[in-house]
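Q: okay, predicted coordinates and the sequence, questions at the end:
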Amino acid sequence: MSDFVVEMNNVRKSFRKTEALCGLNLQVPAGSIYGLLGRNGAGKTTAIKLLMGMLKADSGDARVFGLPVADTAEGIEIRRRIGFVAEEKELYPYMTVDQMIRFTRPFFQKWRKDLEQRYLKMFDLPSDRKIPKLSKGMRSKLMLLLALCRGAELLILDEPMEGLDPSANEDVLRELVDLAAAEGTTIFFSSHQIADVEQIADRVSIIDHGVSLLADRLDAMKDRYQRIQIVFPDGVPSSIQWVDGVEQLRQDGRMVSILAGRNQEAILAQGRSFPGASVESFPLTLKEIFLGHVGSH
Amino acid sequence: MLFRLNHNSGVPVYIQLMEQVKHAVAIGALRPGDQLPTIRNLAGDLVINPNTVVRVYRELEHDKIIELKHGSGAFISESAAERRQEIRKGQKVVQSAMEKLKSLGLGEEEIRRLVENELASLHGESEDSYE
């Protein structure tokens, strides 16, 4: 039995002629808060739907709790142990908030009545309002309530904070952190909000065009990546052969700006070896690391 | 709580938190025997990953700043305050360096840049020594 709650090995999935996943690898350890980052169309939602058994992979191996998600019988067992928020925040339109909760509750033996009461109050959800009349933020809150109260071992959340105001957003982050700390719940979530991922995730994967470009502990990523700026007062020498580790290089007048992924000391030393050059290095935020890998639009 | 984190600085949160605990000890805000919050409470207060708090406590224990007592939590260790002596000495070194820098006519921002620059290269070197 592996230590990974979620595992994907070389998973491929195409829709007609579009390749959504091109050999995706993912390993989510038990007890981690794992953030999946990527641009629109990077393959985040496809990966999540595969894990939830809503899509079938063309090839490769996807497992949750060590069980193959492609197997129908195992799929039911897997889904009983997961709390899920889908990207489309769709629920039964003819139900009210209260009906939706009462409808969902009996399916889950470990339903947390205490959390239900807590979230109802915290999220300030109008219990007799029909679902189509809820705002986007309220729908996100209701879906989070339904997912978090299941007593699940694993939460799979696709853009869970969509439409939330900053204070509700912080409330949700705090509840997720508390579930991880108090119950050891594993949380796997995708988000456009890099700041949310940076705040609570301990592991991050950056995916683009259906593959994982970078996956590591967030601490390790930040330790490893640096921006190095070198100013050459007499102009940048024309032919510098930079040592290994330079992942991106931008020249702006007399200044060279380098995104370094490893070997920083050698790069810094190389910069300092030029007489008169001034060399500085800065830590990078997750956003800068992300943009360094997938580029901006 | 006396800890404040900056999520936009690029400095890993565990480093920020470790430094703040050490600083709190150095200035006497935390004293030997004082108890630190539980992992769950500190993660919840700061809204950060509980594993980050675990790492901070483990590394602080390794540095002999705190003692982890099974079941009862994290406490500032007796030996942590020994550093206060060295910190005080260090403070004097910095004060006299500041006097000299000011006498050279350097402004506050210029001094800050110089210090940060030196710290950055120091950080890189010490990191290298682990490898």
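A: Sure thing, it's come through. Numbering: from 1, shown residues only, chains lettered A, B, ... in the order given.

Q: ok, is the helix or strand harbouring residue B:55 in contact with chain A or not?
A: Residue B:55 is part of helix B:50-62 when elements are defined by DSSP states H and E. Yes: interface with chain A: helix B:50-62 contributes B:50, B:51, B:52, B:55 (CB under 8 Å from any CB of the partner chain). In this view, the C-beta of every residue, glycine as well, is placed from N, C-alpha and C.

Q: OK, contacts around the residue nearest to residue B:28 when sequence neighbours are not counted?
A: Nearest non-adjacent residue to residue B:28, counting by CB to CB, 6 or more residues apart in numbering or on different chains: residue B:84, 7.3 Å away. Contact analysis of residue B:84 by CB atoms under 8 Å, 6 or more residues apart in numbering or on different chains lists B:25, B:26, B:28.

Q: so what sits opposite whatever residue of the stretch 1-150 of chain A ends up closest to chain B in the bridge?
A: For the stretch 1-150 of chain A, the residue closest to chain B is residue A:33, as judged by CB to the nearest CB, at 5.4 Å. Listed by DSSP bridges, the beta-bridge partners for residue A:33 are residue A:187.

Q: wait, isn't it in contact with residue A:179?
A: No: counting by CB atoms under 8 Å, residue A:33 does not reach residue A:179; the two are 9.3 Å apart.

Q: got the residues of chain A near chain B?
A: A:31-33, A:170, A:173-174, A:177-178, A:180-182, A:195, A:198-202, A:218-219, A:222-223, A:264-265, A:268, A:280-285, A:288.

Q: now the helices: where do they sit in the stretch 101-250 of chain A?
A: A:113-123, A:136-148, A:166-183, A:194-200, A:218-224 (DSSP state H, counting those that start in this stretch).

Q: kindly present those as TSV, with separate columns for mean pLDDT and mean neighbour count.
A: Formatted as TSV, the helices of the stretch 101-250 of chain A follow (pLDDT from 0 to 100; neighbours: other CB atoms under 10 Å in any protein chain shown):
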stretch	mean pLDDT	mean neighbour count
helix A:113-123	94	15
helix A:136-148	94	22
helix A:166-183	94	18
helix A:194-200	94	21
helix A:218-224	90	19
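
Q: skipping adjacent residues, who's closest to the one residue in chain A that gets nearest to chain B in space?
A: Nearest residue of chain A to chain B, counting by CB to the nearest CB: residue A:283, 3.4 Å away. The shortest distance from residue A:283 to any non-neighbouring residue, by CB to CB, 6+ apart, is to residue B:10 (3.4 Å).

Q: sorry, back to before: out of the contacts of residue B:84, which are inside strands?
A: Counting by DSSP state E, these place none of their members in strands.

Q: so which of those residues wins on neighbours?
A: Neighbour tally across the contacts of residue B:84 (other CB atoms under 10 Å in any protein chain shown): the maximum, 23 neighbours, falls on residue B:25.

Q: could you measure from that residue over to residue A:279?
A: Going from residue B:25 to residue A:279 by CB to CB, to the nearest Å gives 34 Å.

Q: element containing the residue nearest to residue B:28?
A: Here residue B:84 is assigned to helix B:82-103, by DSSP H and E.

Q: could you tell me how many residues sit around residue A:109?
A: Neighbours of residue A:109 (other CB under 10 Å): 8.

Q: next up, the contacts around the residue of chain B found nearest chain A.
A: Closest approach between chain B and chain A, counting by CB to the nearest CB: residue B:10, at 3.4 Å. Under the criterion of CB under 8 Å, 6+ apart, the contact partners of residue B:10 comprise A:222, A:282, A:283, A:284, A:285, A:288.

Q: try it again with 10 Å
A: Residue B:10 makes contacts with A:198, A:222, A:225-227, A:282-289, as judged by CB atoms under 10 Å, 6 or more residues apart in numbering or on different chains.

Q: residue B:51 too?
A: Contacts for residue B:51 were tallied using CB under 10 Å, 6+ apart; they are A:29, A:31-33, A:180-181, A:201-203, A:217-219, B:14, B:39, B:43.

Q: not counting its own residues, what contacts stretch B:35-46?
A: A:174-175, A:177-178, A:180-182, A:199-200, B:1, B:3-5, B:13, B:17, B:21, B:24, B:30, B:48-54, B:56-57, B:60, B:65-66, B:68-69, B:72-76.

Q: figure out how far it is from the centre of its chain.
A: 17 Å (CA atoms, centre = their mean, to the nearest Å).

Q: send over that stretch as CSV, restricted to the C-alpha atoms.
A: Provided in CSV are the C-alpha atoms of stretch B:35-46 (Å, rounded to 0.1, in the frame of the first residue of the first chain):
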residue,chain,number,x,y,z
GLN,B,35,4.4,27.6,26.4
LEU,B,36,3.9,28.0,22.6
PRO,B,37,0.4,27.5,21.1
THR,B,38,-0.5,24.0,19.9
ILE,B,39,0.1,23.1,16.3
ARG,B,40,-3.6,23.3,15.6
ASN,B,41,-4.1,26.6,17.3
LEU,B,42,-1.1,28.3,15.7
ALA,B,43,-2.0,27.0,12.2
GLY,B,44,-5.5,28.2,12.7
ASP,B,45,-4.6,31.6,14.1
LEU,B,46,-2.1,32.3,11.3
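
Q: how about that stretch: buried residues?
A: Neighbour-count burial for stretch B:35-46, with 16 or more other CB atoms under 10 Å in any protein chain shown as criterion, is recorded at B:36, B:37, B:38, B:39, B:42, B:43, B:44, B:46.

Q: what about the spatially most central residue of chain B, which helix or strand?
A: The centroid of chain B falls nearest to residue B:19 when counting by CA atoms, centre = their mean (1.4 Å). In this structure, residue B:19 sits in helix B:13-26 according to DSSP H and E.

Q: report the angle between that helix and helix B:82-103.
A: 100 degrees (axes from the mean of the first three to the mean of the last three CA atoms, to 10 degrees).

Q: for helix B:13-26, name the packing helices and strands.
A: Where contact means 3 or more CB pairs under 10 Å, 6 or more residues apart in numbering or on different chains; DSSP states H and E, helix B:13-26 is packed against helix A:218-224, helix B:39-46, helix B:50-62, strand B:73-76, helix B:82-103.
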